[in-house]
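Enquirer: I need the structure of the sequence given here:
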Amino acid sequence: MSTVSEIAADSELREVADQMSTQARTFLSTASQVASGGFPGAELSLLILATSDLLAAGARLAAIVDVVPPQRFEPDAGRETDVDPLRTALGQMFDGFDDYVEVVDPVLGRELGPASLSGDLACVAEEIAKGLQHFDDGHELEGLWWWQFSYLSSWGERASSALRLLQSVLAHLRLDVEADVAAEAEYDALHS
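Expert: Numbering: from 1, shown residues only. You can find the predicted model right below:
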């Protein structure tokens, strides 16, 4: 079995794997804490930060050569991570803006399809948790391969869509104010 551990400690793969595992843990922790109601009033901002950081780590995965483990089969990572409680809790939290419409594949056409913020975040959590299981079980190269493959095939797109919606909702919450409230705030800012 070959793992990232067998590659030089200062190698690019080691750095990418360590960064990805850190961001995966941070995203999973933040999403779980937000879903449990742990950060009232800061949910959107925290999810924007965690998702952005995870996408930055994913971009590094896309920028490196394809990671190919020596074995052409995926070792059993154990029990699948159950993301249904996360999806349900986030769906309740995002009631009113959870469901949205997106372009299915902007490269191939203009077809629109349904999506949900809670579904997007749960998909991301499930995919990165699977890579983290491999990584933590000592199959670090397999974990890195999984993160890279699933970034390109699923979680990168779902995280990007979620980030766009989170940012749009936050912008509407902060910028969609009555004209008289905006004028008063502008007056106060200019005269303080």
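
Enquirer: and the nearest residue to residue 33 once chain neighbours are set aside, what are its phi and psi?
Expert: Distances taken as Cβ to Cβ, 6 or more residues apart in numbering put residue 39 closest to residue 33, at 6.3 Å, once the chain neighbours are dropped. C-beta: built from backbone N, CA, C; applies to glycine. Listed backbone geometry of residue 39 is phi -130, psi 60, with angles given as degrees, to the nearest 10.

Enquirer: tell me the pLDDT at residue 39?
Expert: The predicted structure scores residue 39 at 91 on the pLDDT scale.

Enquirer: for the one 4 residues further on, same thing?
Expert: At residue 43 the predicted local confidence, pLDDT, stands at 95.

Enquirer: quick check: longest helix of this structure.
Expert: For the chain, the helix reaching the highest residue count under DSSP state H is reported as helix 12-35.

Enquirer: Was I right to think residue 158 contacts residue 125?
Expert: No. In this structure, residue 158 sits apart from residue 125 without contact. The criterion is Cβ atoms under 8 Å, and the distance is 9.9 Å.

Enquirer: Can you pull the poorly scored residue ranges out of the chain?
Expert: Screening the chain residue by residue with the criterion pLDDT under 70, one finds the ranges 1-10, 70-78, 177, 181-183, 185-186, 192.

Enquirer: Which parts of it are strands?
Expert: Counting by DSSP state E, the segments of the chain that form strands are 99-103, 112-116.

Enquirer: between those strands, which one is nearest to residue 22?
Expert: Closest approach to residue 22 among the strands of the chain is made by strand 112-116 (27.4 Å; Cβ to Cβ).

Enquirer: which parts of the closest one are buried?
Expert: Taking 16 or more other Cβ atoms under 10 Å as the neighbour-count basis, strand 112-116 is seen to contain the buried residues 115-116.

Enquirer: Remind me what that strand packs against, helices and strands.
Expert: For strand 112-116, the helices and strands in contact under the criterion 3 or more Cβ pairs under 8 Å, 6 or more residues apart in numbering; DSSP states H and E are strand 99-103.

Enquirer: report the angle between the axes of the strand it packs on and strand 112-116?
Expert: On the basis of axes from the mean of the first three to the mean of the last three Cα atoms, to 10 degrees, strand 99-103 is oriented at 140 degrees to strand 112-116.

Enquirer: Name the residues that touch strand 99-103?
Expert: Contacts of strand 99-103 from elsewhere in the structure, counted by Cβ atoms under 8 Å, 6 or more residues apart in numbering, are 110-117, 161, 165.
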